[in-house]
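**Q** Using only what follows, build the 3D model:
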Amino acid sequence: MGFIDYLISLVIVGLCIGGVGRLIVPGRNPIGFWGTLGVGLAGSILGAIVGALFGLGVLSIVPELAIAAGLVYASGRSGGRGQLMP
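**A** Got it, this is the predicted structure:
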């Protein structure tokens, strides 16, 4: 797989993880497209690291979704502006 293919797959996985993370958190999530992409990428990367540390294999999707949902929750509660950092 080439570098461009890897980046495209990373964006697609990030959007999917971020979208599911937004669905997990109840209520309105005003973070938008770029926020969803950001929390999805962060959740998938950090969750993959946690999954690798614990040897979860395919089940590393669980910490990926948990981290993404936590980031969606935190970003939605940052003064109502929908930003990742206050």
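**Q** Return the distance of the helix or strand of the chain with the lowest mean pLDDT from the chain's centre.
**A** Ranked by mean pLDDT, DSSP states H and E, the weakest helix or strand in the chain is helix 3-24, scoring a mean of 79. Its chain's C-alpha centre and that of helix 3-24 lie 8 Å apart, by C-alpha atoms, centre = their mean, to the nearest Å.
**Q** Show me what it is packed against.
**A** Helix 3-24 sits against helix 32-54, helix 61-76, with contacts defined as 3 or more C-beta pairs under 8 Å, 6 or more residues apart in numbering; DSSP states H and E. Bear in mind the C-beta positions are built from the backbone N, C-alpha and C, glycine included.
**Q** Between helix 32-54 and it, find me the angle.
**A** For helix 3-24 and helix 32-54, the angle between their directions (axes from the mean of the first three to the mean of the last three C-alpha atoms, to 10 degrees) works out to 100 degrees.
**Q** Flag every buried residue along helix 3-24.
**A** 13, 14, 15, 16, 17, 18, 19, 20, 21, 22 (16 or more other C-beta atoms under 10 Å).
**Q** got TSV for those, with distance to residue 4 too?
**A** Below are the buried residues of helix 3-24 laid out as TSV (distance: C-beta to C-beta, whole Å):
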residue	distance to residue 4
13	15
14	16
15	17
16	19
17	20
18	21
19	23
20	25
21	26
22	27
